[in-house]
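Peer 1: what follows is a predicted structure for the sequence shown.
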Amino acid sequence: MLINAVFQGGGVKGISLAGAVKAAEEHGTVFNRVAGTSSGAIVAALLAAGYSADEMKAVIEKTPLVKLLRRSPVFNIKWIGPAARIFLKKGLYSGEALEHWVRELLRAKGVRTFADLPPGKLRIIASDITNGRILVLPEDIKRFGINPSSLEVAKAIRMSTSIPYFFDPVMLRLDSALAKGKTFSQQFVFVVDGALLSNLPLWLFDEPVNEREAKTIPTVGFQMVGRTGTETKVSYIRGPLTMLQAIFDTMLSAHDERYIEQENRYRTIKIPTLGIRTAQFNISPEQSNLLYASGVQAGEAFFHKWSITSYQQQYSKYQLMKNTMYAMK
């Protein structure tokens, strides 16, 4: 069974996505095109590069995620250090360690730039906060005078995973032609986590409903939810850092929820994340295994009852509803 897959972002909770991929593989699923936001972009990129779910699990098990959080020791001074770093660098941590980690994983499979992948195989979502618009990478990088095929996949992932105020934003400088007539500061664009604008971009691979409908490759979303998928998580604010944590969690979990509930439940795997928080980088091996197992279980339940016929019926229904609404505007 051939599908397109879209993976939601969720920080360390992304481990659960690998579990859902494992279930998909065991049901004979082959991934055609893949896309993702934040940690979902990492999973999508690894799949595009040729990693299996078992390989992803092995990588996660041998990588202490807390080592991906790096900053100069001077910024570790209680209260003053983190605040100073946010003021100077615009983030609590550098994203360089995460970018290097991803780069080495992709290099092991012979992938460095998007040119090393089949055209259209991988799409990554990021947010251009300078111009206030979503970026679908690699295509949209040409807005800044950069050749999409030469964009490093690891760099695109760093853009997509740069949670505001947690990781430093990625700064891009316009090429000479686009920068002409601009001041020095106006030549730079700041890019952050794609979840700011779309955390589960199921629309990426949608096709119009027409006479070729039967040949449409299904798109399945891999979404991370609370313990049961129905409860509301309460965040208690005790200071600036816990407030930032609450912002991260809300941004990554609530942004597309209504859209998913109303139109895309039939094609979305909902993976309980057991109360693990987005930026809980000190996650224990036991918690990591539980998240992975949760993904396997959710994926198994989804694909056990899923059918291409049912998908096509639901897809046609909602696409026709959209077309009707657009025609009435």
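Peer 2: Alright, I've got the coordinates.
Peer 1: burial of Gln8, as a residue count?
Peer 2: When neighbours are defined as other C-beta atoms under 10 Å, Gln8 has 34 of them. Where C-beta positions appear, they are placed from N, C-alpha and C, glycine not excepted.
Peer 1: distance check, it against Ser160.
Peer 2: Using C-beta to C-beta, to the nearest Å, one gets 12 Å for the distance from Gln8 to Ser160.
Peer 1: now do the shared contacts for these two.
Peer 2: Shared contacts of Gln8 and Ser160, defined by C-beta atoms under 8 Å, 6 or more residues apart in numbering, are found at 36-38.
Peer 1: all strands for the stretch 151-300 of the chain, in order.
Peer 2: Taking DSSP state E, counting those that start in this stretch as the test, the strands found in the stretch 151-300 of the chain are 165-167, 170-173, 188-193, 219-225, 268-272.
Peer 1: need the winner for burial among those strands.
Peer 2: Among the strands of the stretch 151-300 of the chain, strand 219-225 has the highest mean neighbour count (mean count of other C-beta atoms under 10 Å), at a mean of 26.
Peer 1: direction included, what does that strand pair against?
Peer 2: Take DSSP bridges as the rule and strand 219-225 pairs in its sheet with strand 2-7 (parallel), strand 268-272 (parallel).
Peer 1: for it, what is the average pLDDT?
Peer 2: Taken as a whole, strand 219-225 has an average pLDDT of 93.
Peer 1: distance of Arg123 from Val12?
Peer 2: For Arg123, the distance to Val12 (C-beta to C-beta) stands at 23 Å.
Peer 1: let me fix that: Ala126
Peer 2: According to C-beta to C-beta, Ala126 stands 19 Å off from Val12.
Peer 1: any regions of the stretch 201-329 of the chain where pLDDT drops low?
Peer 2: Counting by pLDDT under 70, the stretch 201-329 of the chain has low-confidence residues at 208-215, 227-262, 320-329.
Peer 1: would you agree Phe31 falls within a strand?
Peer 2: Yes. With the criterion set as DSSP: H, G, I helix; E, B strand; the rest coil, the secondary structure at Phe31 is a strand.
Peer 1: who's in contact with it?
Peer 2: Neighbouring residues of Phe31 by C-beta under 8 Å, 6+ apart: 3-5, 24, 47.
Peer 1: about what we covered before: may I see the shared contacts of Gln8 and Ser160 organised as a markdown table, with pLDDT and secondary structure added?
Peer 2: Converted to a markdown table, these look like this (pLDDT from 0 to 100; DSSP: H, G, I helix; E, B strand; the rest coil):
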| residue | pLDDT | secondary structure |
| --- | --- | --- |
| Gly36 | 96 | strand |
| Thr37 | 94 | strand |
| Ser38 | 92 | coil |
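Peer 1: between the residues you listed, which is closest to Val153?
Peer 2: Minimum distance to Val153 across these is 11.7 Å, recorded for Gly36 (C-beta to C-beta).
Peer 1: higher neighbour count, Ala126 and Val12?
Peer 2: Between Ala126 and Val12, counting by other C-beta under 10 Å, Ala126 is the more crowded of the two (29 against 23).
Peer 1: for the more buried one, grab phi and psi.
Peer 2: phi -140, psi 170 (degrees, to the nearest 10).
Peer 1: hmm, back to that, got JSON lines for the strands of the stretch 151-300 of the chain, with distance to Leu68 too?
Peer 2: Conversion of the strands of the stretch 151-300 of the chain to JSON lines gives the following (distance: least, C-beta to C-beta, whole Å):
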{"stretch": "strand 165-167", "distance to Leu68": "9"}
{"stretch": "strand 170-173", "distance to Leu68": "16"}
{"stretch": "strand 188-193", "distance to Leu68": "15"}
{"stretch": "strand 219-225", "distance to Leu68": "19"}
{"stretch": "strand 268-272", "distance to Leu68": "22"}
